[in-house]
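# Could you work out the structure for the sequence below:
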Amino acid sequence: GFTYGHVDNENLRINEEWPGEKGTVVQFKTNTVLQYDSDLNVESWGFPALSKRPKKNFDINERKYVAELFKLHLGDLHERHELYLPNGLNYKKAIVDYLHKLGE
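The predicted model follows:
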């Protein structure tokens, strides 16, 4: 989760609810995952993006639109891990898309 406030108001606002997690145990964080359509527009993010993931017998073409672990590019961790991003998607766009969705 996160908390934010404003200098003109002493009240802090706490966020601990995430899209798609109603009725589940409260999570203080959400998954860093995005699901894109074929034009690389975000279809869903966080928990809903994981819940829409294909099962064991998925079509390999479906997987190419799921992006995970992209924030590892912010440090040197991506050099030690094999990270998969859909064709045509770079980690900067994924991070911007994720932060945009987080701020909605």
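# got the contact list for the nearest residue to Thr32 once chain neighbours are set aside?
Leaving aside its sequence neighbours, Thr32 sits nearest to Lys71 (CB to CB, 6 or more residues apart in numbering; 5.6 Å). For the C-beta atoms, the positions are set from N, CA and C on the backbone; glycine is no exception. Lys71 sits next to 32, 95, 98 when contact means CB atoms under 8 Å, 6 or more residues apart in numbering.
# Just to be sure, Lys71 is in a strand?
No - assessed with DSSP: H, G, I helix; E, B strand; the rest coil, Lys71 is helix; it does not lie in a strand.
# Find me the pLDDT at it, would you?
pLDDT for Lys71: 82.
# cool, and Leu89?
So Leu89 comes in at 92 (pLDDT).
# Which helix or strand contains the residue nearest to Leu74 when sequence neighbours are not counted?
Once flanking residues are discounted, Leu74 sits nearest to Ile95: 7.3 Å by CB to CB, 6+ apart. For Ile95, the host element (DSSP states H and E) is helix 91-103.
# what does that helix contact?
So helix 91-103 is contacted by 32, 34, 40, 42, 45-46, 67, 70-71, 73-74, 78, 83, 85 (CB under 8 Å, 6+ apart).
# if we go to 10 Å?
With contact meaning CB atoms under 10 Å, 6 or more residues apart in numbering, helix 91-103 is reached by 2, 15, 18-19, 30, 32-34, 36, 40-42, 44-46, 49, 67-74, 78, 83, 85-86, 89-90.
# Let me know the average pLDDT across stretch 41-52.
For stretch 41-52, the mean per-residue pLDDT is 82.
# Give the buried residues for it.
Within stretch 41-52, the residues scored as buried using 16 or more other CB atoms under 10 Å are 42, 44-50.
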